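Visitor: Build me a model:
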Amino acid sequence: MPLERPDLHSMLTRIRAGDEDAARELLVHFEPHVRRVVRRRLPSMLRSKFDSLDFVQSVWGDFFARLNRGQIDFDTEAQLAKFLAVVARSKVANETRRRAALKFDVRKEVDLGTGVIKVPGKNQDPTPSQNYAAHERLALILSGRPQVHKKVLEMRSEGFTFHEIADQLEIDERTARRIVEAVEKELGLNNVGQ
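Guide: Residues are numbered from 1 along each chain as shown. Next up, the predicted model:
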């Protein structure tokens, strides 16, 4: 349901005056839009590192800070939606560039779902024999483990956050993290990129 100009203008005025209900109403109305933009833009290599809600919260933090300083104002809902989308895309792009720097080069990591190993310091894809060996090693490590371990790794490789995995599998978030860390340790990945 679109917000009309008087409604949007009065809502923004109320937010500037510190009305938490108005801020909550604005969040409920626009948060799904911001989340969609972030999820579309977030590269798969960063999905295991960040929850899309981290970016969404950062977008809202910037929005409310600029609104309170009087730096922004909007005549239409479309203008506000476009502004939020630009900020969301910018935040994802900035983090992608930052992570692509040598210190955080995610290309040097292993995708536990496929078992593909990227060799540190090289920007080339692994050979088919390296992929096969990685798959075999991962299968060996997973053999004899409970089904929930396999499901955690599968979901993680599909880009689910630890929070989402814990909710869907009805386990503690720390348990999901420990499962992934244990497999990484067995694969010898705790020193990759260092």
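
Visitor: Residue ranges in this structure under the pLDDT threshold?
Guide: Where the chain drops to pLDDT under 70, the residues are 1-6, 100-127, 130-132, 134-135, 188-194.

Visitor: Walking through it, point out its strands one by one.
Guide: In the chain, the segments counted as strands under DSSP state E are 110-111, 116-117.

Visitor: list the buried ones in stretch 84-97?
Guide: 84-85, 87-89, 91-92, 95 (16 or more other CB atoms under 10 Å). For glycine as for every other residue, the C-beta is placed from the backbone atoms N, C-alpha and C.

Visitor: what do you get for stretch 63-79?
Guide: The neighbour-count check on stretch 63-79 (16+ other CB under 10 Å) flags 63, 67, 74, 77 as buried.

Visitor: Just put the buried residues of stretch 84-97 in a markdown table and tack on distance to residue 148.
Guide: As requested, the buried residues of stretch 84-97 are exported to a markdown table (distance: CB to CB, whole Å):
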| residue | distance to residue 148 |
| --- | --- |
| 84 | 38 |
| 85 | 38 |
| 87 | 38 |
| 88 | 34 |
| 89 | 36 |
| 91 | 34 |
| 92 | 31 |
| 95 | 31 |
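
Visitor: for those residues, which one is nearest residue 42?
Guide: Nearest to residue 42 out of the buried residues of stretch 84-97 is residue 92 (CB to CB; 5.5 Å).
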